[in-house]
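K.L.:
Build me a model:
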Amino acid sequence: RLSILDRSHENVAFLVLTPCIGSASSNQAFMNELVDAVESAGLVYGVYTSVVQWEGIFGSSSYSKGSGKPLWYPHYDGQPDFNDFRPFGGWSKPTFKQFSDSGSKCGVSYDINWGPSI
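P.N.:
Below you'll find the predicted structure:
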């Protein structure tokens, strides 16, 4: 089964896809059901995953359920740009990038994100 968590950015819930144990076909079936349920409920959502996670979960970079929604991808290269992005899962461009895990304020560590609109 896929591990799914909710993340929010400006009233958009993100489905966070993390590696799991299961077959690509069962993971695709779960994602199909999840996206259909989220869309039936009228929720605004995006997907948080990387090409490596996507291929590992779904068995292919060409599986594309949810690709019409915003993509937030992690790549900790320290660069606030999309120059490293490689299309996958039906996305030709991302919406946000998590580019660093070195944020820190008042003794609290956090990830740093970038997107043209933030």
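K.L.:
how about the CA coordinates for the helix or strand harbouring Tyr110, as CSV?
P.N.:
Using DSSP states H and E, Tyr110 maps to strand 108-114. Output of strand 108-114 as CSV, limited to C-alpha atoms (Å, rounded to 0.1, in the frame of the first residue of the first chain):
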residue,chain,number,x,y,z
VAL,A,108,14.2,24.2,14.4
SER,A,109,15.3,22.5,11.1
TYR,A,110,13.1,22.5,8.0
ASP,A,111,13.1,21.9,4.3
ILE,A,112,13.2,24.8,1.9
ASN,A,113,10.9,25.0,-1.1
TRP,A,114,10.8,27.1,-4.3
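K.L.:
Point to the residue nearest the middle of the protein.
P.N.:
Per CA atoms, centre = their mean, the C-alpha nearest to the average position across the chain is that of Tyr48, at 1.4 Å.
K.L.:
chain center to the strand holding Tyr110, what's the gap?
P.N.:
Strand 108-114 sits 16 Å away from the centroid of its parent chain (CA atoms, centre = their mean, to the nearest Å).
K.L.:
Check stretch 109-118 too.
P.N.:
Here stretch 109-118 shows a centroid-to-chain-centroid distance of 14 Å under the convention CA atoms, centre = their mean.
K.L.:
Could I get the buried residue list for that stretch?
P.N.:
By 16 or more other CB atoms under 10 Å, the buried positions in stretch 109-118 come out as Asn113. In this view, the C-beta of every residue, glycine as well, is placed from N, C-alpha and C.
K.L.:
Could you do stretch 52-72 as well?
P.N.:
For stretch 52-72, the neighbour count (16+ other CB under 10 Å) marks 53-58, 61, 63, 65-66, 69-72 as buried.
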